[in-house]
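Chemist: Sequence below, structure please.
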Amino acid sequence: KRPDGTYDKAYLAGLSVTTIAALDRLIELEKLAGRADKAALYAERRDLARKGLPALTTDEGYLIKSLDPDGTRHGVYGAPQHGYFEAVCNHDAIAFRVVDDAQSRRIYDAMAAIPGLRPHDLIITNYPSLDDLYTEPKGLWEFGRWVNGGHWTTCEARMIMAYYRVGKFEDARRSMEKMLDYGRRFRLDNPLVDFGGDVYQPHEPINCVYDAWGAPLAMLRGLFEYLYSADSLTLIPHIPPGITRLEQRFPVRFGDKQVHLATLGTGPISAVLINGKPWNEWDDASITLPYDGLPDRARLVICRGGAEPRVIRVPRPAPFVVPTPEAPFWDLGDLSASNAGNGRPLRLGADSKGASRFLGDMRRARIFSRALSADESADLAADPGGPSTDPAPVADHFMDRLADGACPNPVHPDLPAKVVGTVETVSVDGGKAARFTGDGYFEVPSDPRINLTRAYTLEAWICPDELPDSGARIIDRVTAGVDDGYLLDTHPGNSLRLITEQGSIGYGADLKPGVWVHVAGTFDAREGLALYLDGRQVTSGTAKTRVATDLARVGQFYRRLKTADLEDTFEGQQARLAVAHLAALRERVSLIREGRLPALPDASESAAARGYLEAATRLATGLEKMMKDYEQSADPRKRRLLRIWNESAPPRS
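Modeler: Next comes the predicted model:
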């Protein structure tokens, strides 16, 4: 920003760093494509960009954040103006080898001398606060949050790679321990606030943001730094000195080649074996693997510090056993029951955050522990004042009897619906009702008697106002934004919607403002979902429990692919991954029941379980769609896979 209030361009160190790193890779890509002229052009541009870096470097060796055209430097630590340290461009310069080893160590030393950059063992973007923001440093822009001193796991990944390059293994370990703490609590959020000390979305039952997986991948990638070129791969091991033997039992890829890595001893490289034979292209710090001379499957053993060269056999992983279609493994009922329930109170007229409030009148709301039949739903719609005993509900809230800040529940008198805020009783045609003006709603404490998972019916007599596009809650027992319970609402606007843990359905009911109507939603894990309007079924849907059958088919598909030696195909690995999600969930539930794994809070445990099941469901659904597409293909391979898929279908009942 210039003195007259206008803006001009500045020279950003981070842009130079990432441009150089990108060009390093693009040059090799052009060589691989045989375009030597393009490779030469990009090499010239990279070298020019690199020549500019000294202008963005301090006497101490670290990079500033930016340089104004008039020479003003931003990011000189300790300076009276713009005296913060910018971490991102500096750890990137190390991680991407934009600077040499000597400057990398100087940059690290400068960072390590500023404890404020890593208050929770995780790197933040800058320290202290930025004084050159275009807005006030408050709210989103306050120090320690977002881009001003916040933590980003993508940055942490590059910081971990930088730690490895300069041999600071303890820093990498502490970083990973902090990320594992978040991971074990299912709180892998990104960005993190409080300088990396807390999640950005604290009210969600679990967090899972894609960026957060950068840190564990960097922890692995840093052990063997990989420098890819058009025709070779250079490995630079960064193995902590306390580790005298390491086996990486999954392969790394180099084109069509697979390389299994292992080390023996500690210290400089002293010998290298590939598939038990001596390999000569190495020095004391790196190994070069020309693509053309590398076996398709290479077992690479790196001996260090004079360790005796010997073959390390890569053990075959334990076979992935898929249960037969009739095995109890595929019955999701027990998982639904054991992981359902969010610990939320029941609310009438609002969601779990007190939002999406109902506007209008409501006379009565009931919950049944089974899915009522169409005839039973019609009977309820015919008599708003009918008894609570036939069929018997688990909750029956008479809002026309509001007294002392609560409406009674004769089914369970100890579970009345208490007013939160303001709800009034008004006279209406045929009696009284509760009037919702947006100032209040009813709440029933969480209780096992209303923790329904297998089957239920939600029904109410309502007279809505004109409702907003987001709709309004009628009966709600979910975490807002998460399908972890049940709700009946009017989304969108004056429509009708039922949400369950195993699916949702909606109907454009066009509920008339000022007109009384009976609404009901039913759910049964086996029969599905249905919505009723004035006793008439208006729509229905299938519960997600059908995924149990889908997953069993996917499992059978994988079993048949394995028999046909096709398990390593893309389709086979997708099938395996879907089944593996279900197996992981079952193992987790088992460990918790045995007391060998601490459980999360109820809402979080339920959300974690849904995460596993939803991932399995999506993989199964994607595989099914893929096979459907194969029906239009003449490719022999796809036709063969389609035949196996069709043979894996469960028998018709």
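Chemist: and the gap between the residue nearest to Tyr7 when sequence neighbours are not counted and Lys9?
Modeler: Among residues not flanking Tyr7 along the chain, Lys1 sits closest, at 5.7 Å (C-beta to C-beta, 6 or more residues apart in numbering). For glycine as for every other residue, the C-beta is placed from the backbone atoms N, C-alpha and C. As judged by C-beta to C-beta, to the nearest Å, Lys1 and Lys9 stand 12 Å apart.
Chemist: Tell me which of these two has more neighbours.
Modeler: Remark: of Lys1 and Lys9, Lys1 carries more neighbours, 12 against 8, as counted by other C-beta atoms under 10 Å.
Chemist: Which residue would you name as the spatial centre of this protein?
Modeler: In the chain, the C-alpha nearest the mean C-alpha coordinate belongs to Cys208, at 2.8 Å (C-alpha atoms, centre = their mean).
Chemist: Quick check: the gap between the nearest residue to that residue once chain neighbours are set aside and Leu180.
Modeler: If the residues on either side of it in the chain are set aside, Cys208 comes closest to Leu188, at 5.7 Å by C-beta to C-beta, 6+ apart. Separation of Leu188 from Leu180 (C-beta to C-beta) stands at 10 Å.
Chemist: More neighbours: these two, which one.
Modeler: Leu188 (23 against 14).
Chemist: quick one: low-confidence parts of the stretch 401-550 of the chain?
Modeler: 544-549 (pLDDT under 70).
Chemist: all strands for it, in order.
Modeler: 406-407, 417-421, 424-428, 431-436, 440-444, 455-464, 473-477, 486-489, 496-500, 503-507, 517-524, 528-533, 536-541 (DSSP state E, counting those that start in this stretch).
Chemist: Can I get these in CSV including mean neighbour count and distance to Arg106?
Modeler: Shown next, in CSV, are the strands of the stretch 401-550 of the chain (neighbours: other C-beta atoms under 10 Å; distance: least, C-beta to C-beta, whole Å):
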stretch, mean neighbour count, distance to Arg106
strand 406-407, 21, 69
strand 417-421, 19, 60
strand 424-428, 13, 71
strand 431-436, 22, 66
strand 440-444, 24, 60
strand 455-464, 23, 65
strand 473-477, 26, 58
strand 486-489, 25, 58
strand 496-500, 25, 57
strand 503-507, 18, 57
strand 517-524, 24, 64
strand 528-533, 23, 64
strand 536-541, 15, 63
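Chemist: Which other helices and strands does the one helix or strand His397 maps to contact?
Modeler: Assigned by DSSP states H and E, His397 belongs to strand 395-398. The contact analysis (3 or more C-beta pairs under 8 Å, 6 or more residues apart in numbering; DSSP states H and E) places strand 395-398 against strand 360-368, strand 440-444.
Chemist: can you dump the C-alpha coordinates of the last one into CSV?
Modeler: Yep, that's strand 440-444 we're talking about. Taking Å, rounded to 0.1, in the frame of the first residue of the first chain, the C-alpha atoms of strand 440-444 are listed here in CSV:
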residue,chain,number,x,y,z
GLY,A,440,-38.2,-19.7,21.7
TYR,A,441,-38.7,-23.5,21.3
PHE,A,442,-39.1,-26.6,23.5
GLU,A,443,-36.4,-28.9,24.7
VAL,A,444,-36.4,-32.4,26.3
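Chemist: Can you list the neighbours in contact with stretch 156-163?
Modeler: The contact list for stretch 156-163 (C-beta atoms under 8 Å, 6 or more residues apart in numbering) reads 87, 91-92, 94-96, 104, 108, 122-123, 169, 171-172, 175-176, 179, 214-215, 217-219, 221-222, 225.
Chemist: brain fart, stretch 260-270
Modeler: 224, 235, 237, 239, 241-252, 282-287, 297-310, 312, 314.
Chemist: could you pull out the strands for the stretch 201-350 of the chain?
Modeler: 207-208, 224-228, 232-237, 245-254, 257-265, 269-274, 277-278, 287-290, 297-304, 346-348.
Chemist: Only the buried residues of the longest one, if you could.
Modeler: Applying a neighbour-count criterion of 16 or more other C-beta atoms under 10 Å, one finds 246, 248, 252, 254 buried in strand 245-254.
Chemist: Check the second one too.
Modeler: If you call a residue buried by 16+ other C-beta under 10 Å, then strand 224-228 has these buried ones: 224-225, 228.
Chemist: can you put the strands of the stretch 401-550 of the chain in TSV and add distance to Asp383?
Modeler: Below are the strands of the stretch 401-550 of the chain laid out as TSV (distance: least, C-beta to C-beta, whole Å):
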stretch	distance to Asp383
strand 406-407	19
strand 417-421	21
strand 424-428	16
strand 431-436	13
strand 440-444	22
strand 455-464	10
strand 473-477	19
strand 486-489	19
strand 496-500	21
strand 503-507	23
strand 517-524	10
strand 528-533	15
strand 536-541	16
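Chemist: and of these, who's closest to Pro650?
Modeler: For these, proximity to Pro650 was assessed by C-beta to C-beta; strand 528-533 is nearest, at 18.1 Å.
Chemist: which residues sit against that closest one?
Modeler: For strand 528-533, using C-beta under 8 Å, 6+ apart, the contacting residues are 371, 374, 377-378, 381, 459, 496-498, 500, 503-507, 509, 517-523, 537-543.
Chemist: Nearest residue to Leu26 in space, ignoring adjacent ones along the chain?
Modeler: Per C-beta to C-beta, 6+ apart, closest to Leu26 is Tyr42, 5.4 Å.
Chemist: how about the CA coordinates for the host helix or strand of that neighbour, as PDB?
Modeler: According to DSSP H and E, Tyr42 maps onto helix 36-52. Provided in PDB are the C-alpha atoms of helix 36-52 (Å, rounded to 0.1, in the frame of the first residue of the first chain):
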ATOM      1  CA  ALA A  36      14.500 -30.100 -25.300                       C
ATOM      2  CA  ASP A  37      13.700 -26.500 -26.400                       C
ATOM      3  CA  LYS A  38      11.000 -26.100 -23.800                       C
ATOM      4  CA  ALA A  39      13.200 -27.600 -21.100                       C
ATOM      5  CA  ALA A  40      16.000 -25.100 -22.000                       C
ATOM      6  CA  LEU A  41      13.500 -22.200 -21.900                       C
ATOM      7  CA  TYR A  42      12.200 -23.100 -18.500                       C
ATOM      8  CA  ALA A  43      15.800 -23.700 -17.200                       C
ATOM      9  CA  GLU A  44      16.700 -20.200 -18.200                       C
ATOM     10  CA  ARG A  45      13.600 -18.700 -16.500                       C
ATOM     11  CA  ARG A  46      14.400 -20.800 -13.400                       C
ATOM     12  CA  ASP A  47      17.900 -19.600 -13.200                       C
ATOM     13  CA  LEU A  48      16.900 -16.000 -13.600                       C
ATOM     14  CA  ALA A  49      14.400 -16.300 -10.800                       C
ATOM     15  CA  ARG A  50      17.100 -17.900  -8.600                       C
ATOM     16  CA  LYS A  51      19.400 -14.900  -9.300                       C
ATOM     17  CA  GLY A  52      16.800 -12.700  -7.800                       C
END
